[in-house]
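Chemist: Build me a structure from this.
(one chain, ligands or ions: 2)
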Amino acid sequence: MHIAVTGNIGAGKTTLTTMLAKHYGWDAQFEDVDHNPYLEDFYADMSKWSFALQIYFLGSRFRQVKEIRESGKNIIQDRTIYEDAHIFAENLNDMKLLSDRDFKNYISVFGLMKSFVSAPDLLIYLKSDVPNLVKKIYKRGREYEASISIEYLSKLNQKYEKWISEYTEGKLLVIEVDDLDFVEKPEDFGFILEKIEAELNGLF
Ligand SMILES: Nc1ncnc2c1ncn2[C@@H]1O[C@H](COP(=O)(O)OP(=O)(O)O)[C@@H](O)[C@H]1O
Ligand SMILES: Nc1ncnc2c1ncn2[C@H]1C[C@H](O)[C@@H](COP(=O)(O)O)O1
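Modeler: Ligands and ions are numbered 1, 2, ... in the order given. A predicted model of the protein is given here:
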């Protein structure tokens with residue numbers, strides 16, 4: 001079984017993925033952030049590094065897709081390949097930080113890869129508003145993310161809302177996380193587990 005956690009930067013994906021993997025004994029797949037050779041440069045100069053970063057994330061995410069297909073294990077994944085294309089690359093193109101020529105090139109490679117990608121059995125969307133995302137990004141304290149603007153996060157949130165409203169590839173669970181503290185409050189984590197189990201009924 002393949003479960004994926006989706007949502008904007010700082011929504012709580014990595015935290016929830018870690019907690020669910022521990023709770024259910026699933027294997028977890030995380031984003032390539034700490035050893036990412038482009039991320040810090042990207043935040044310093046988005047226009048210069050956007051194409052290189054998108055190609056890097058696409059390759060790294062496709063490697064995960066391949067592992068999920070081949071492993072036969074229960075896997076929970078922190079962010080999907082769809083988000084790279086439909087949220088981040090598209091938004092960078094809208095913001096003129098990724099040229100039309102590079103975006104077309106990227107989308108043509110993504111299109112080829114897409115035919116090998118199966119949607120997760122369950123997609124869990126962590127919905128959060130921009131002020132809360134800012135607070136959580138600040139709490140996490142990655143220095144290079146200090147330059148992330150409200151405008152950038154708002155545009156990403158709009159893309160997420162549109163993408164989720166049109167998502168039909170598999171089961172979808174939307175969790176509004178702004179009033180939940182699943183890190184500190186066991187009852188909030190319990191609330192999320194109940195929702196997941198209701199969706200998974202029939203998949204196990
Ligand atoms: N629901 C929550 N309540 C309180 N703190 C949270 C919550 N979700 C995430 N956090 C905190 O916010 C920060 C960012 O969370 P993280 O899981 O890294 O987000 P993401 O992977 O979506 O970018 C972390 O410091 C985490 O502990
Ligand atoms: N495809 C991407 N393009 C630009 N930036 C991306 C992409 N995928 C992830 N990121 C960034 C956003 C954050 O700074 C880090 C980690 O993501 P997070 O949502 O905090 O788990 O990578």
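Chemist: With adjacent residues omitted, what lies nearest to the one residue sitting closest to the centre of the chain?
Modeler: Among the residues of the chain, the one closest to the centroid is residue 79, at 2.8 Å (Cα atoms, centre = their mean). With sequence-adjacent residues excluded and distances taken as Cβ to Cβ, 6 or more residues apart in numbering, residue 79 is closest to residue 31, at 5.4 Å. Yep, even glycine has a C-beta here, placed from its N, CA and C like the rest.
Chemist: Can you report phi and psi for that neighbour?
Modeler: phi -70, psi 150 (degrees, to the nearest 10).
Chemist: Where do the helices of the chain begin and end?
Modeler: Remark: helices assigned in the chain by DSSP state H are 13-24, 39-44, 46-71, 81-83, 90-94, 100-114, 130-140, 150-165, 186-200.
Chemist: Right, and ligand 1 sits closest to which residue of the protein?
Modeler: Ranked by Cβ to the nearest ligand atom, the top residue of the chain for proximity to ligand 1 is residue 12, at 2.8 Å.
Chemist: Help me confirm that that residue comes into contact with residue 136.
Modeler: Yes: using Cβ atoms under 8 Å, residue 12 is in contact with residue 136, at 6.8 Å.
Chemist: Quick check: neighbours shared by these two?
Modeler: Shared contacts of residue 12 and residue 136, defined by Cβ atoms under 8 Å, 6 or more residues apart in numbering, comprise residue 128.
Chemist: quick one, which of these two is more surrounded?
Modeler: Ranked by neighbour count (other Cβ atoms under 10 Å), residue 12 and residue 136 place residue 12 first, with 23 against 18.
Chemist: can you put the helices of the chain in a markdown table and add mean pLDDT?
Modeler: A markdown table is the format used below for the helices of the chain (pLDDT from 0 to 100):
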| stretch | mean pLDDT |
| --- | --- |
| helix 13-24 | 97 |
| helix 39-44 | 98 |
| helix 46-71 | 95 |
| helix 81-83 | 96 |
| helix 90-94 | 98 |
| helix 100-114 | 97 |
| helix 130-140 | 96 |
| helix 150-165 | 98 |
| helix 186-200 | 95 |
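Chemist: most tightly surrounded among these?
Modeler: Among the helices of the chain, helix 81-83 has the highest mean neighbour count (mean count of other Cβ atoms under 10 Å), at a mean of 21.
Chemist: contacting residues for residue 14?
Modeler: Residues counted as contacts of residue 14 (Cβ under 8 Å, 6+ apart) are 30, 31, 78.
Chemist: which one of these sits closest to residue 94?
Modeler: residue 31 (22.2 Å; Cβ to Cβ).
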